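Q: what's the 3D shape of this:
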Amino acid sequence: MKGIRLNRERLLPLLLVLLPALGAHAFPVDPSSKSARQSQELAGQSSKPADTPEKWLETMVQATQNLTYRGHFVYQQGANLETLAVTHTLQKVGDKSEELESIIYLDGSPREMIRQGSKITFASAGKEPARFEHESLVPMVGRFTSGNFGKHYKLKPAALDRIAGREAVQLLVVPTDRFRYGYQLWLDRRTGLLLKSVMVDSEGRIIERMQFTSLEFPGELTSKELARLKRKLPESADKNVVKLNSKSVPEKAEWGWEAGWIPEGFSPRGHSKRSSVVSNQKVDILNFSDGLASFSVFVEPDETRVLSQATEQIGSMAAVSKVFRNGEKYFHATVLGEIPLGAAERIAVSVRPREQSQKADK
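A: Residues are numbered from 1 along each chain as shown. Reported below is the predicted structural model:
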């Protein structure tokens with residue numbers, strides 16, 4: 001694929017961070033358990049058990065941010081399966097609290113992601129580190145931090161289960177159309193921490209999976225673990241930090257392009273310009289989100305002057321690249337995001353200059 005080339009080793013960290021009613025079931029937390037008390041105290045929760053899917057999601061986000069834990073989990077993205085070790089804690093820094101988190105890849109070449117607050121560094125042996133900004137390293141959790149995904153998903157309780165030796169509450173997040181994925185979540189019954197997540201397509205096929213195989217809540221990390229989390233991290237050669245949690249931008253962003261078709265519920269969340277990886281051109285980037293799923297549209301001048309289109313699916317990440325002509329100029333448009341491939345293709349073929357779009361609408 002030309003233009004925005006997909007480097008799978010660099011893409012995986014982004015994926016970690018970048019799915020009729022069943023009746024009213026209640027899944028109470030055991031308020032007498034030590035883990036439940038820790039979750040309630042650290043996350044500032046009341047002693048009242050979570051009794052609705054919405055409250056369980058709130059508890060999940062709070063538990064992920066506030067609890068001290070360590071464990072191992074497997075992460076499946078398409079045909080790729082990774083085993084990882086995670087360590088997380090919340091530390092007081094002056095008058096503020098800062099999350100410290102580490103994910104170490106246990107397969108393949110040595111790699112690690114360290115998060116200090118919202119700053120993430122991805123280090124791979126023998127390569128320059130990459131810098132990002134995001135809110136969580138644990139797959140799937142970051143997608144639910146906003147707690148607002150509107151009318152395009154339905155949240156349903158499912159059943160009790162058992163994951164990594166712990167009782168779990170299962171929730172279903174069901175999309176209302178075919179332009180986004182569905183999710184199944186298993187939360188620790190005592191603390192609300194996410195133990196397992198599955199992203200599924202419209203036919204129920206698994207697109208992405210995360211599942212803890214071991215988990216413990218030590219209360220405090222060892223001095224060695226804390227020193228590793230707090231260490232000074234190397235600077236990236238690329239001083240531009242990729243922000244993965246941009247705030248919403250106006251509908252009419254200063255962008256010379258228009259996506260003629262966008263799935264209902266998705267709105268612009270960020271606009272930027274970056275250097276192309278294959279030329280000296282600048283790439284226009286516009287990010288969209290529906291509060292849960294997200295995708296980006298990249299447009300840059302094309303020097304090959306060959307009309308073409310390419311598609312690729314890497315687990316939950318769809319990539320569609322299209323070269324199109326506007327007068328005597330050629331441009332390369334790429335759609336990359338956590339949406340079904342059919343939706344990404346439809347968006348890509350609709351990209352055109354804004355003035356051309358405005359003339360077509362008259």
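Q: Would you mind pulling the contact partners of stretch 99-116?
A: Outside stretch 99-116, the residues that touch it by CB atoms under 8 Å, 6 or more residues apart in numbering are 9, 13, 16, 65, 72, 82-91, 98, 117, 120-126, 134, 136-138, 226, 228-231, 233. For glycine as for every other residue, the C-beta is placed from the backbone atoms N, C-alpha and C.
Q: can we see that at 6 Å?
A: 13, 82-91, 121-125, 137, 229 (CB atoms under 6 Å, 6 or more residues apart in numbering).
Q: ditto for stretch 82-93
A: With CB under 6 Å, 6+ apart as the test, stretch 82-93 has contacts from 66, 68-75, 97-107, 221, 225.
Q: Are any of those buried, and if so which?
A: Taking 16 or more other CB atoms under 10 Å as the criterion, what is buried in the contacts of stretch 82-93 is 66, 68-71, 73-75, 98-105, 221, 225.
Q: now, which of these lie within helices?
A: Asn66, Glu225 (DSSP state H).
Q: could you give me the average pLDDT of the helix or strand that Ile207 is a member of?
A: Assignment of secondary structure by DSSP states H and E places Ile207 within strand 206-216. Taken as a whole, strand 206-216 has a mean pLDDT of 95.
Q: can you give me the mean pLDDT across the longest strand seen in the chain?
A: Looking across the chain with DSSP state E, the single longest strand is strand 80-93. This predicted structure assigns strand 80-93 an average pLDDT of 92.
Q: do the same with stretch 159-167
A: When pLDDT is averaged along stretch 159-167, the result is 95.
Q: What residues sit buried inside it?
A: Neighbour counts over stretch 159-167 (16+ other CB under 10 Å) mark Ile163, Ala164, Arg166, Glu167 as buried.
Q: what about this structure, any weak spots by pLDDT?
A: Per-residue confidence for the chain (pLDDT under 70) gives these ranges: 1-49, 131-136, 139, 146-148, 234-254, 275-280, 355-362.
Q: show me where it has helices.
A: Taking DSSP H as the test, the helices found in the chain are 8-17, 34-43, 53-66, 223-230, 341-349, 354-361.
Q: Name the nearest residue to Ala130, sequence neighbours excluded.
A: Counting by CB to CB, 6 or more residues apart in numbering, Phe122 is the residue found nearest to Ala130 once chain neighbours are left out, at 4.5 Å.
Q: That neighbour and Ile114, how far apart?
A: Taking CB to CB, to the nearest Å as the measure, Phe122 and Ile114 are separated by 8 Å.
Q: Check Ser308 too.
A: Taken as CB to CB, the spacing of Ser308 relative to Ile114 amounts to 39 Å.
Q: what do you get for Val138?
A: According to CB to CB, Val138 stands 14 Å off from Ile114.
Q: Ok, Tyr75 next?
A: For Tyr75, the distance to Ile114 - CB to CB - is 17 Å.
Q: try Thr222
A: The spacing between Thr222 and Ile114, counted by CB to CB, is 17 Å.
Q: So for these two, which sits in the more crowded spot?
A: Neighbours were tallied for Thr222 and for Ile114 using other CB atoms under 10 Å; the higher tally belongs to Ile114 (22 against 11).
Q: Which residue, other than its chain neighbours, is closest to Ala329?
A: Quick fix: residue 329 is Lys, not Ala. For Lys329, the closest residue by CB to CB, 6+ apart turns out to be Pro301, at 6.8 Å.
Q: Touching, that neighbour and Asp284? I think so.
A: No - in this structure, Pro301 sits apart from Asp284 without contact. The criterion is CB atoms under 6 Å, and the distance is 10.0 Å.
Q: And the two? Which one has more around it.
A: For the pair Pro301 and Asp284, the greater number of neighbours falls to Asp284 (20 against 14), based on other CB under 10 Å.
Q: Nearest residue to the more buried one in space, ignoring adjacent ones along the chain?
A: For Asp284, the closest residue by CB to CB, 6+ apart turns out to be Val299, at 4.7 Å.
Q: count of neighbours near the one you found?
A: One way to gauge burial is a neighbour count; for Val299, by other CB under 10 Å, it gives 24.
Q: what residues are up against it?
A: For Val299, the set of contacting residues under the criterion of CB under 6 Å, 6+ apart consists of Trp257, Asp284, Phe331, Ala333.
Q: Those residues into JSON lines, with extra columns for distance to Ala159?
A: Putting the contacts of Val299 into JSON lines (distance: CB to CB, whole Å) gives the following:
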{"residue": "Trp257", "distance to Ala159": "46"}
{"residue": "Asp284", "distance to Ala159": "46"}
{"residue": "Phe331", "distance to Ala159": "50"}
{"residue": "Ala333", "distance to Ala159": "43"}
